[in-house]
Structure formats: structure tokens, C-alpha cells
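Student: I would like the atomic coordinates for the input below:
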Amino acid sequence: METLPHPAIDLAVGAFSADGKAARLVAAIDRDDTVAVLIATASPFDSDSEARVLVFVEHDGEEWRLPGVMNGSTYRQPARATTTAPGRPLDGKRTKHSGRTDTEIGWFGLTGYAAEDAIAVTVASSLGTDRVEVAADGLVLAAVRARLGKKDEDPERPVVVIHLADGTNIVDPQ
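Tutor: Presented below is the predicted three-dimensional model:
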């Protein structure tokens, strides 16, 4: 996952580099008016771990804007498995829905680590599909438009499929 310089990335990393904390870019996906940025920073809860935060930075027509709430979870990178387990195809899987409160459509983000036999991951919602290659270290970062749901509805849960080198496809049971 090669990432080019982008003002949205600089904004997101800068937001987590305040107060003497050093944040670093893990990966990013540019979707024209929105950039999904995966950031690593020191965990506030465990000095041996880092926190990972997936931030969706949106362009409002004039400038790049961070969401009002940005939170992540403490994370330890798992040892990469050799083969994909059917019941748990992505280690360290995290998902995130993001979007403005004035619309029912937003973003669904997925991060995790795939086993060595995985070559790609597809995330499909009712509004789009994103197929991403698995990075050399197993990292997967995908972002797809999805329905956020109305006030009393749950957000859409896109289908996640892991594609293996032997041609097998495994649907993530979620």
C-alpha cells in the first residue's frame, strides 16, 4: 500500500501528533472527496502497544475537514498466520462507519491482517465495492460507500470476502 503525499493525510496525522505524541501514517486510501487514513500513535492505556485510528477526512468543496469524533483502539500486530482460518479470516479486524449526521450515506472502513495465503480482500455494500490487494505484511485497508441507517436503524454491514492464492474465496462471518 503505497501512499502519496496528500493534505488530508497531513491533517489527520497532525491531529494525533499533538501534546508531544508522535503519530505515523500506516496506510491511506484516496476516494476523491474523502481519504481514509489509518494512523498509529502511542496507546494511552498500554505503553507496550500502539493505538490505531481509522479517520475519514472529507473535502467540503473548499478544504479538508476532520470528523468531530476520532477514536481508535489499542492494538498489537498479530503474528501473521500461514493459512486463512475460515471462521476468522482476518486477524485484528476492525470496522468503522463514518459520515455526516445530515445524510444516510457515509463510509464503511475495514482494517485487519490477512494470512500469507490471502492475496486480496473485497468489501461490498449496496452502494459500492472495493477490492484491495493484501500488503506484504498482511495489512488490509478498505473503504466503501455504505448506508449509515436512519436514527432507529443499524448501519449497513458490507460483505467481506477474502481471496486466496489457490482461487478459494472465504466470506467473513462477521
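
Student: Quick one: the helices in the protein, in order.
Tutor: Here the chain has its helices, by DSSP state H, at 7-16.

Student: low pLDDT regions in it?
Tutor: Across the chain, residues meeting the criterion (pLDDT under 70) sit at 1-4, 18-20, 43-49, 68-76.

Student: all strands for it, in order.
Tutor: Secondary structure of the chain, counting by DSSP state E: strands at 24-30, 34-42, 50-59, 64-65, 73-75, 90-98, 105-114, 118-124, 129-133, 139-147, 159-164, 169-171.

Student: which helices and strands sit right next to the third one?
Tutor: Right, strand 50-59. Based on contacts counted as 3 or more CB pairs under 8 Å, 6 or more residues apart in numbering; DSSP states H and E, the elements that strand 50-59 packs against are helix 7-16, strand 34-42, strand 64-65, strand 73-75, strand 90-98, strand 105-114. Glycine gets a C-beta too; all of them are placed from N, C-alpha and C.

Student: now the strands of the chain in a markdown table, with distance to V13 and mean neighbour count?
Tutor: Putting the strands of the chain into a markdown table (distance: least, CB to CB, whole Å; neighbours: other CB atoms under 10 Å) gives the following:
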| stretch | distance to V13 | mean neighbour count |
| --- | --- | --- |
| strand 24-30 | 6 | 18 |
| strand 34-42 | 6 | 22 |
| strand 50-59 | 9 | 22 |
| strand 64-65 | 12 | 16 |
| strand 73-75 | 17 | 15 |
| strand 90-98 | 17 | 18 |
| strand 105-114 | 16 | 23 |
| strand 118-124 | 24 | 19 |
| strand 129-133 | 21 | 16 |
| strand 139-147 | 15 | 23 |
| strand 159-164 | 27 | 19 |
| strand 169-171 | 33 | 14 |
